[in-house]
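A.B. asks: Take a look and give me a structure for this.
(one chain, ligands or ions: 1)
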Amino acid sequence: MAIDLKNKTILITGASDGIGKNTAFKLATMGANLILVGRNEEKTRKVLEQVKSLSISTSTHMVFLSDLSLSSQVKKLAEEIKKNTKKIDVLFNNAGAFFQEKSITSEGLESTFALNHLNYFLLTHHLLDLLLKAESPRIVNTASQAHVGVDIDFDNLQGEKNYNGWKAYQMSKLENILFSYELAERLKNSNITVNSFHPGFVDTNFGENNGGFFGNILKVAKKLIAINEDKGSETSTYLCSSPEVEGVSGKYFDKCKVKTSSAQSRNVETRKKLWMVTEEILKKYLS
Ligand SMILES: NC(=O)c1ccc[n+]([C@@H]2O[C@H](COP(=O)([O-])OP(=O)(O)OC[C@H]3O[C@@H](n4cnc5c(N)ncnc54)[C@H](OP(=O)(O)O)[C@@H]3O)[C@@H](O)[C@H]2O)c1
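C.D. replies: The predicted structure follows:
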């Protein structure tokens, strides 16, 4: 039976491209009301038009713009969303990027860590009240199988000692999983479920912001072995919409199935420490 998402409000970050955009298309056909978060107005509005053409007549969609690598903007975005909607049924944290060269945001934080990890943590923190107003709310976090093979180096969390772009990306995706497990544990007495997933190696715009050797290798690899965006948005759509995962929380998925994530991602001490360190870094944005 087709899934009916009429009256469900689903917020998607990174909605202007790739996995976020294609998940939006699929959820629109199921009748969801979408909150599309992008940073590029033209691109995000174009997605809105495509979403509208796939939607049922009663759906209403909204667009919000924010640079999610900046905590001040994440907080402001949450405030704007709160003014414009009464509840959120699904929060899909998805915006992310890979930075080959170290870059520091105008707030003084390393970009991979700020965008890929802090943004998920802070947006979720500020939208919990709206999620609690929904009947069976879900939080879905895009992680990656790239998390395998690294651990959190708390002494080099933001490349303070040395920076390797791929390691920083791997660590940020590990952070997504650690955050999801810890949040699921903290919310176990609520009706909110929290899961993370690997979308597959998907031929999106991912990594295109990097030129040079790595950028070219990635381009070629995507064309040769990656799955397309339609296929690459199957697990995200499943987690945002399927009745099969109703009540399922604290899991990591791949190809719409529960998968065991790395031993490092399942270390309870690491995830509690990461939570504490994150709260300390974000303290002025949490209230
Ligand atoms: N592609 C893969 O093989 C793969 C595999 C595993 C995990 N992932 C994860 O999947 C997620 C989505 O990536 P994708 O593959 O769909 O890549 P993508 O096509 O590059 O899409 C990334 C999305 O994030 C947005 N974004 C980037 N920086 C932002 C910022 N500072 N503020 C706000 N939005 C920002 C982009 O906006 P613009 O349109 O303005 O650039 C775009 O909408 C990421 O978390 C990535 O780590 C991807």
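A.B. asks: Going by C-alpha atoms from here, please, whenever you check contacts or count neighbours.
C.D. replies: Noted.
A.B. asks: gap between Gly165 and Lys87?
C.D. replies: Noted for Gly165: a distance of 37 Å to Lys87, by C-alpha to C-alpha, to the nearest Å.
A.B. asks: Looking at those two, which is more packed in?
C.D. replies: More neighbours surround Lys87 than the other of Gly165 and Lys87, with 21 against 17 (other C-alpha atoms under 10 Å).
A.B. asks: Could you find the closest non-adjacent residue to the more buried one?
C.D. replies: Leu130 (4.5 Å; C-alpha to C-alpha, 6 or more residues apart in numbering).
A.B. asks: before we move on, what SS does the one you found have?
C.D. replies: Following DSSP: H, G, I helix; E, B strand; the rest coil, Leu130 is assigned to helix.
A.B. asks: Over to Val140?
C.D. replies: Val140, by the three-state scheme (three-state DSSP), is strand.
A.B. asks: ok now do it, which residues does it touch?
C.D. replies: With contacts defined as C-alpha atoms under 8 Å, 6 or more residues apart in numbering, the neighbours of Val140 are Val90, Leu91, Phe92, Asn93, Val194, Asn195, Ser196, Phe197, Ser236, Leu239, Cys240.
A.B. asks: Repeat the analysis, applying 7 Å as the threshold.
C.D. replies: Leu91, Phe92, Asn93, Val194, Asn195, Ser196, Leu239, Cys240 (C-alpha atoms under 7 Å, 6 or more residues apart in numbering).
A.B. asks: Can you read off the backbone torsions of the fourth one?
C.D. replies: Read that as Val194. phi -140, psi 120 (degrees, to the nearest 10).
A.B. asks: what is it paired to in the beta sheet?
C.D. replies: In this entry, Val194 is beta-bridged to Ile139, by DSSP bridges.
A.B. asks: do the first one as well
C.D. replies: Note on Leu91: beta-bridge partners Leu11, Ile139, judged by DSSP bridges.
A.B. asks: hang on, isn't Gln73 packed against Leu65?
C.D. replies: No: with contacts counted by C-alpha atoms under 7 Å, Gln73 stays clear of Leu65, the gap being 9.2 Å.
A.B. asks: circling back: which residues sit in contact with the residue nearest to Lys87?
C.D. replies: Leu130 neighbours (C-alpha under 7 Å, 6+ apart): Lys86, Lys87, Ile88.
A.B. asks: I'd like to know how far it sits from Glu79.
C.D. replies: Distance from Leu130 to Glu79, by C-alpha to C-alpha: 11 Å.
A.B. asks: interface residues of the stretch 101-250 of the chain facing the ligand?
C.D. replies: Thr142, Ala143, Ser144, His198, Pro199, Gly200, Phe201, Val202, Asp203, Thr204, Asn205, Phe206 (C-alpha under 6 Å from any ligand atom).
A.B. asks: from those, which single one is nearest Thr105?
C.D. replies: Phe206 (19.3 Å; C-alpha to C-alpha).
A.B. asks: Okay, that closest one and Ile104: tell me how far apart.
C.D. replies: Counting by C-alpha to C-alpha, the separation of Phe206 from Ile104 is 19 Å.
A.B. asks: The two: who's more crowded?
C.D. replies: Phe206 (19 against 15).
A.B. asks: what's the closest non-adjacent residue to that one?
C.D. replies: Phe206 sits nearest to Ala97 (C-alpha to C-alpha, 6+ apart), 6.5 Å away.
A.B. asks: element containing that neighbour, please.
C.D. replies: For Ala97, there is no enclosing helix or strand under DSSP states H and E.
A.B. asks: show me the residues around it that make contact.
C.D. replies: Thr112, Asn116, Phe206, Gly207.
A.B. asks: Now with 10 Å, please.
C.D. replies: 14, 69, 111-113, 115-116, 169, 172, 205-210 (C-alpha atoms under 10 Å, 6 or more residues apart in numbering).
A.B. asks: Out of these, the closest to Lys272 would be?
C.D. replies: Ser172 (15.6 Å).
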